[in-house]
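> Provided below are the primary sequence and the corresponding predicted coordinates.
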Amino acid sequence: ETGVTQTPRHLVMGMTNKKSLKCEQHLGHNAMYWYKQSAKKPLELMFVYSLEERVENNSVPSRFSPECPNSSHLFLHLHTLQPEDSALYLCASSQDGRGGNIQYFGAGTRLSVL
Amino acid sequence: TQLLEQSPQFLSIQEGENLTVYCNSSSVFSSLQWYRQEPGEGPVLLVTVVTGGEVKKLKRLTFQFGDARKDSSLHITAAQTGDTGLYLCAGATTSGTYKYIFGTGTRLKVLA
């Protein structure tokens, strides 16, 4: 148990569906992250929030929409996804957003887009 | 573009053998982290190295940060089946921004 909880653990959706991934951290951290993990590719940083403000957006398509209502919760809203978006989506948190801080990862949401 | 290349990509060894995994880059990092990820789970931090030339030991695992802070290695002595997993290195940029660059990963399987 890392203190970072992601739901759902598995999600299957069609290309026209709208769904959301949820992440909650119980560590009192101020920074939260979304990563995409695909087979045979390094972890890709998607979004970073620090104190509920988005501070990094790595050219992610607009069909992925993050939301951080408070420092403990992070959402990733999905709509009109493509099959190539199928991957493991990982959430992480750290004390603050500075490089070098320890990141604690959730178990991930395995997403399949049909 | 900063890249971290790990080698080997895949490694299958017998229990009791030793192994070394490498993490190389042409970029300098302010610190470097090693993670292990098991199937169905997220990465779990093993160690953080900060100083060039630093060596850290975690039981049978020895981590080294290169003198120039561009590369790192992970050595496992007398591997056990519980060491099986995906090993990831991650470098923190020196710019003070919010980026962690992850390596390509080494998938280790230790056979009984």
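It's in.

> for chain B, which residues are neighbours of chain A?
Contact residues (CB under 8 Å from any CB of the partner chain) of chain B with chain A: B:4, B:30-31, B:33, B:35, B:40-45, B:48, B:50, B:88, B:90, B:92-105. C-betas here are computed from N, CA, C, even on glycine.

> switch to 6 Å and redo it
Contact residues (CB under 6 Å from any CB of the partner chain) of chain B with chain A: B:30-31, B:41-43, B:45, B:92-93, B:98, B:102, B:104.

> kindly present those residues as TSV, with separate columns for secondary structure.
Formatted as TSV, the residues of chain B next to chain A follow (DSSP: H, G, I helix; E, B strand; the rest coil):
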residue	secondary structure
B:30	coil
B:31	strand
B:41	coil
B:42	coil
B:43	coil
B:45	strand
B:92	strand
B:93	coil
B:98	coil
B:102	strand
B:104	coil
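
> which of those residues are buried, as a PyMOL select command?
The following PyMOL command selects only the buried members of the residues of chain B next to chain A, with burial defined by 16 or more other CB atoms under 10 Å in any protein chain shown:
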select buried, chain B and resi 31+41+42+43+45+92+93+98+102+104
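
> nearest the middle, which residue of chain A would you pick?
The residue lying closest to the centre of chain A (CA atoms, centre = their mean) is residue A:34, at 2.9 Å.

> show the contacting residues for that one.
Taking CB atoms under 6 Å, 6 or more residues apart in numbering or on different chains, we find residue A:34 in contact with A:46-47, A:76.

> point out where chain A drops to low pLDDT.
When residues are selected by pLDDT under 70, those of chain A lie in A:99-100.

> chain B too?
Scanning chain B for pLDDT under 70 picks out the ranges B:1-2, B:94-98.

> which SSE is residue 62 in?
Picked chain A for this. Secondary-structure element containing residue A:62, defined by DSSP states H and E: none, the residue being outside all helices and strands.

> can you look at chain B instead?
Under the criterion DSSP H and E, the helix or strand holding residue B:62 is strand B:61-65.

> what's the first helix or strand after that strand?
Using DSSP H and E, the helix or strand that directly follows strand B:61-65 along the chain is strand B:71-76.

> correct me if wrong: residue B:99 contacts residue B:93.
Yes - at 4.8 Å, residue B:99 and residue B:93 qualify as touching, with contact defined as CB atoms under 6 Å.

> for residue B:35, give me its contacts.
When the contact criterion is CB under 6 Å, 6+ apart, the partners of residue B:35 are B:43, B:45, B:88.

> which non-adjacent residue is nearest residue B:34?
Setting aside the residues directly before and after it, residue B:34 is nearest to residue B:46 in space (CB to CB, 6 or more residues apart in numbering or on different chains), at 4.6 Å.

> which among the contacts of residue A:34 gets closest to residue A:68?
Minimum distance to residue A:68 across these is 8.6 Å, recorded for residue A:47 (CB to CB).

> hmm, the closest one is touching residue A:66, no?
Yes - counting by CB under 6 Å, residue A:47 does reach residue A:66; the two are 4.5 Å apart.
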